[in-house]
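Colleague: give me the fold of what follows.
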Amino acid sequence: MKSKLAQLKEMTTVVADTGDFEAISRYSPEDATTNPSLILKAAQMPSYQELVEQVLLSVASEAIPSDEQLALCMDRLAVGIGKKIVDLIPGRISTEVDARLSFDTKQSIDKAQQLIELYEHHGIPKERVLIKMASTYEGIRAAEQLEKQGINCNLTLLFNFTQAAAAADAGAYLISPFVGRILDWYKANTDKQQYSPSEDPGVQSVTQIYNYYKQSGYSTVVMGASFRNTGEITELAGCDRLTISPQLLQELDEDFGELARKLDPDNTGQGIHYQLGNEGTFRYEINHDAMATEKLAQGIRSFVSDQIKLENWLKEYNK
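Modeller: Numbers count the residues shown, from 1 in each chain. Sure, this is the predicted structure:
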């Protein structure tokens, strides 16, 4: 009998949610994703020490102001880690735009273009990179323009249907709806503490989005993310892609039970009808969803916090 991980790979593209070389090599994912939190963790690993030192030396030689040096250092480190990961996988690496730009369309586009230029400088074509941005209104508009330039985007921190519908309408290559963080919110804000996998509100959200996309003929890829347990993953078996932490990849690899397909483009249930609105409608519908509003804001703050921690760590490292 095959492991659940092996069975999952037969119906879903498995993505590693880590910057850990060893984990990526062990579980052979198709793609890999990073974010400021994972970059912070990866940069402190011994396997990346040489890269960190190379980046610091290269930036120190640039005749630019110190704040620009720091920004360039962050970009080169993220791309350097991404390049090392790309060497281990057949597919794509997701690299995130500075979360402090989440409400600025133009600067998000500029930063995305800079990251792609750095990857191309290292011989990595843009076809192997996904630019990650938060699913704010401004982030979605940035993705819309970048996709027209041939730069594929991964819209992350996605917590509700409105964000997903707008992202697909904008032509985003991929979305990352967060499963576990939705569950976290419901546990913290309701009396219900125990959920079966099928009852899990994060699982239900991704299922609805997946079915809507398939019914509507959208090509945008649905990649479930932010899992708290393997039950959430197995309940989404068949989803286009799932990005999974090393711990949960290991649990799936050690479980030899049968894995049933739960999501299927040919079996999407009752029709889902949704009328896309304008910017005001988007903002109202997000505001009306307390969970999405709180988790989106919290997610951006968390990524910014880790970005600043990494900047401070680099400053200390360079002393």
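Colleague: give me the low-pLDDT residue ranges for this protein?
Modeller: 319 (pLDDT under 70).
Colleague: how close does the residue sitting furthest away from the middle of it get to residue 118?
Modeller: Distance to the chain centre peaks in the chain at residue 63, reaching 33.7 Å (criterion: C-alpha atoms, centre = their mean). As judged by C-beta to C-beta, to the nearest Å, residue 63 and residue 118 stand 19 Å apart. In short, each C-beta sits where N, CA and C put it, glycine included.
Colleague: quick one: the residue farthest from the centre of the chain from residue 315, how far?
Modeller: For residue 63 relative to residue 315 (C-beta to C-beta), the value is 19 Å.
Colleague: do residue 250 as well
Modeller: 35 Å.
Colleague: neighbour count: the two, which is higher?
Modeller: The residue with more neighbours, out of residue 250 and residue 315 and counting by other C-beta atoms under 10 Å, is residue 250; that gives 16 against 13.
Colleague: the more buried one: helix or strand, and which one exactly?
Modeller: helix 246-253 (DSSP states H and E).
Colleague: which residues are in contact with that helix?
Modeller: With contact meaning C-beta atoms under 8 Å, 6 or more residues apart in numbering, helix 246-253 is reached by 3-6, 8, 14, 16, 18, 20, 23, 26-27, 29, 227, 229-230, 233-234, 244.
Colleague: which ones among these map onto helices?
Modeller: Among the contacts of helix 246-253, DSSP state H puts 4-6, 8, 23, 26-27, 230, 233-234 in helices.
Colleague: give me the buried entries from those.
Modeller: 4-5, 8, 23, 27, 230, 233-234 (16 or more other C-beta atoms under 10 Å).
Colleague: ok, so of these, who is nearest residue 36?
Modeller: Closest approach to residue 36 among those (C-beta to C-beta): residue 23, at 18.7 Å.
Colleague: give me the distance between that closest one and residue 90.
Modeller: Taking C-beta to C-beta, one finds residue 23 at 16 Å from residue 90.
Colleague: which pair of the buried ones among the ones in helices among the contacts of helix 246-253 spans the longest distance?
Modeller: Of all pairs in those, the most separated under C-beta to C-beta is 23 and 234 at 19.8 Å.
Colleague: which SS class is residue 298?
Modeller: helix (DSSP: H, G, I helix; E, B strand; the rest coil).
Colleague: please verify my assumption that residue 236 contacts residue 202.
Modeller: No. Between residue 236 and residue 202 there is no contact under C-beta atoms under 8 Å: 9.2 Å.
Colleague: identify the contacts common to the two.
Modeller: residue 179.
Colleague: tell me where the stretch 151-300 of the chain has strands.
Modeller: Ranges of strands in the stretch 151-300 of the chain, per DSSP state E, counting those that start in this stretch, are 153-158, 174-177, 221-224, 241-244.
Colleague: so which of those is the most packed in?
Modeller: Ranked by mean neighbour count, the strands of the stretch 151-300 of the chain are led by strand 153-158 with a mean of 30 (mean count of other C-beta atoms under 10 Å).
Colleague: show me the contact partners of that strand.
Modeller: 33, 35, 94, 96, 112, 130-135, 139-140, 142-143, 146-147, 163-164, 167, 172-178, 223, 225, 295-296, 299-300, 303.
Colleague: direction included, what does that strand pair up with?
Modeller: strand 129-134 (parallel), strand 174-177 (parallel) (DSSP bridges).
Colleague: could you pull out the helices in this structure for me?
Modeller: 4-9, 21-27, 36-43, 49-60, 66-86, 105-121, 137-148, 161-169, 180-189, 201-216, 230-235, 246-253, 279-288, 290-317.
Colleague: what residues are up against the nearest residue to residue 173 once chain neighbours are set aside?
Modeller: In space, and not counting its chain neighbours, residue 173 is closest to residue 152: 3.8 Å by C-beta to C-beta, 6 or more residues apart in numbering. Neighbouring residues of residue 152 by C-beta under 8 Å, 6+ apart: 92, 126-127, 129-131, 146, 173-174.
Colleague: of those residues, buried ones?
Modeller: Here, 16+ other C-beta under 10 Å leaves 92, 126, 129-131, 146, 173-174 buried among the contacts of residue 152.
Colleague: alright, calling it a day.
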